[in-house]
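Novice: From the sequence below, what's the structure:
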Amino acid sequence: MSKKYLSVAFAYVGVIIGAGLASGQDLLQYFLSFGAKGLIGIAALGVLNVVFGVVALQLGSYYRSGHHDEVFERITHPALRRVIDVVLVFSGFAMGFVMLAGAGANLEQQFGLPAWAGSALCAVLVILTAFLDFDRIMKVIGVFTPMIIVAITILTIYSLATPHPGVAELNAAATQVTPALPNLWLSTINYFALCVVNGIAMAFVLGGSVLRIGEAGRVGGTIIALVIGADALCLYLNMDRIWDVNVPALEIARSIHPAFAFVYTLIIFALIYNTVFSLFYSTARRFSGGETTRMRIVLVGVVAVGYAASLMGFKKLIGGMYPIIGWLGVALLVVLAVGWLRERSAVPREENLRRKLIRVLVRKHADDLEYTDEHRAQARTLAQASVVDGTELRREADSIAEQIADTQDDAAAYAREALPVDEALVEQAIEADRANG
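Specialist: Next up is the predicted model:
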């Protein structure tokens, strides 16, 4: 996998793994409040996130979307699209100010800093980041993902290696946690829908930034599933002493070493910042009309209002706002599933068409290959048959082909191996384009 696709995968993971998951508060209320059987719900959640990662990033890449509305415009009725847009805007804003509250709770628990000050610091960083270009933004929101993976791995190994109470005692402690919802399976569905609402807007944007459909989705979803599973196990094994704290994972980190707790606090803060930025940025992009200056102005306003709302408190906001957003997300899941089922045959056709286009253009840049008028005509036909703008697609495919020719000794052999093409699907894509006029 190329560095760009890997960075998209990590950026996607960073969007989904927000304050509640990194802190442990989400998993505590939604799953571990049901005791050991909550781990079954965690396993189901992991599988669902793998599937969602593939679907969301593939649809974003398929339509080369710049914001979520560009995808929903293609897969839903206009009236329903407006409803979805309102749901995503509201949910993104609501989750954003919950995350800002998490920033304050995190720094307050570790350093005694007033919660309002920690939230304000996060808000300022979000605004400053908006003045970077998109490639730098993608690197920023993905850079902390490996850190939380390493940190949660350390917490899990520590929890498994040290003595802990038996299952009966851990389950008894779990009963003291107020569950977000009264039933484990409702919790699982609701929390997965919450992940969808949290990640779908930015997933479409991230997917739209890559040409190869779905390349990053499988990796991102799998990483999320593994991290959620490890985090839940770690929390459950320490249930007797973390059930009543704002940031349960930080409490476990403190028992390892004060220095590790300090580092973990910074990592949680960074992930909160990741999530807040992603939610507010995608919302601002939605209302900016593609104009960068306007997007930044909108973002400042959204962050300011969100900061004021965050002062209600992290733990209270998770218990109150998350279930509401989750049920809105269930409706969104239905729309996404219908759209995916409708496009499921077109996606592999488009993927193979783009692979074929890159392979043809490799000839243009490789010194040992011939690029004839016939190949030029073939490249034009392939680009025109795409579901996205042919000129833009050809330009980006040409850039990828040039990179392959510059970095591979045998560009043709590499292209055949790395970009397998089903010629029948390519022909279907071309025929479908001709049939549509």
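
Novice: what's near enough to touch the closest residue to residue 34 other than its chain neighbours?
Specialist: If the residues on either side of it in the chain are set aside, residue 34 comes closest to residue 184, at 4.8 Å by Cβ to Cβ, 6 or more residues apart in numbering. From N, CA and C alone the C-beta is placed, and that goes for glycine too. Neighbouring residues of residue 184 by Cβ atoms under 8 Å, 6 or more residues apart in numbering: 31, 34, 37, 38, 40, 41.

Novice: one more time with 10 Å
Specialist: 30, 31, 33, 34, 35, 37, 38, 40, 41, 42, 44 (Cβ atoms under 10 Å, 6 or more residues apart in numbering).

Novice: Settle this for me: residue 89 is touching residue 285, isn't it.
Specialist: No - the criterion here is Cβ atoms under 10 Å, and residue 89 misses it with residue 285 at 11.2 Å.

Novice: Between the two, tell me which one has more neighbours.
Specialist: residue 285 (24 against 18; other Cβ atoms under 10 Å).

Novice: In helices, which of the contacts of residue 184 appear?
Specialist: Residues of these located in helices (DSSP state H): 30, 38, 40, 41, 42, 44.

Novice: so which of the residues you listed is the most crowded?
Specialist: Neighbour max across the ones in helices among the contacts of residue 184 (other Cβ under 10 Å) = residue 30, 32 neighbours.

Novice: My understanding was that that one contacts residue 185; is that so?
Specialist: No - if you go by Cβ under 10 Å, residue 30 and residue 185 don't touch, sitting 11.4 Å apart.

Novice: Touching both of the two, which residues are there?
Specialist: Shared contacts of residue 30 and residue 185, counting by Cβ under 10 Å, 6+ apart, come down to residue 41.

Novice: so what's the nearest residue to residue 31 once chain neighbours are set aside up against?
Specialist: Excluding the flanking residues, the one nearest residue 31 by Cβ to Cβ, 6+ apart is residue 38, at 3.7 Å. By Cβ under 10 Å, 6+ apart, the residues touching residue 38 are 27-28, 30-32, 171, 174, 177, 179, 184, 187-188, 232, 235-236.

Novice: circling back: residue 69: which of the contacts of residue 184 is nearest?
Specialist: Nearest to residue 69 among the contacts of residue 184 is residue 30, at 29.1 Å by Cβ to Cβ.

Novice: quick one: pLDDT of the closest one?
Specialist: pLDDT, residue 30: 92.

Novice: now the one 3 residues further on
Specialist: Note on residue 33: pLDDT of 93.

Novice: Who are the contact partners of it?
Specialist: Residues counted as contacts of residue 33 (Cβ under 10 Å, 6+ apart) are 27, 174-181, 184, 187, 239, 243.

Novice: one more time with 8 Å
Specialist: Neighbouring residues of residue 33 by Cβ under 8 Å, 6+ apart: 174, 175, 177, 178, 179, 180.

Novice: any idea how far it is from residue 101?
Specialist: 20 Å (Cβ to Cβ, to the nearest Å).

Novice: for residue 390, same thing?
Specialist: 46 Å.

Novice: neighbour-wise, which of these two wins?
Specialist: Counting neighbours by other Cβ under 10 Å for residue 390 and for residue 101 shows that residue 101 has the greater number, 31 against 18.

Novice: Tell me which other helices or strands the longest helix seen in the chain touches.
Specialist: Longest helix of the chain, by residue count under DSSP H: helix 78-111. If you count contacts as 3 or more Cβ pairs under 8 Å, 6 or more residues apart in numbering; DSSP states H and E, helix 78-111 packs onto helix 19-23, helix 68-75, helix 115-129, helix 184-208, helix 248-256, helix 258-286, helix 292-310, helix 314-343.

Novice: Identify the residue nearest residue 382 in space, chain neighbours excluded?
Specialist: Counting by Cβ to Cβ, 6+ apart, residue 382 lies nearest to residue 357, which is 4.3 Å off, once chain neighbours are set aside.

Novice: same thing with residue 42?
Specialist: Leaving aside its sequence neighbours, residue 42 sits nearest to residue 232 (Cβ to Cβ, 6+ apart; 4.3 Å).

Novice: how distant is stretch 192-208 from the center of its chain?
Specialist: Chain-centre distance of stretch 192-208: 5 Å, with Cα atoms, centre = their mean, to the nearest Å.

Novice: Next: stretch 411-430.
Specialist: Centre-to-centre, stretch 411-430 and its host chain are 29 Å apart (Cα atoms, centre = their mean).

Novice: can you check stretch 397-415 too?
Specialist: Relative to the chain's own centre, stretch 397-415 is displaced by 29 Å; criterion: Cα atoms, centre = their mean.

Novice: Figure out the length between the terminal residues of it.
Specialist: 12 Å (Cα to Cα, to the nearest Å).

Novice: need the helix or strand of this structure with the lowest average pLDDT.
Specialist: Ranked by mean pLDDT, DSSP states H and E, the weakest helix or strand in the chain is helix 134-143, scoring a mean of 61.

Novice: and the following helix or strand past that one, which residues are buried?
Specialist: As assigned by DSSP states H and E, the chain's next helix or strand after helix 134-143 is helix 145-161. Neighbour counts over helix 145-161 (16 or more other Cβ atoms under 10 Å) mark 145, 147, 148, 149, 151, 152, 154, 155, 156, 158, 159 as buried.
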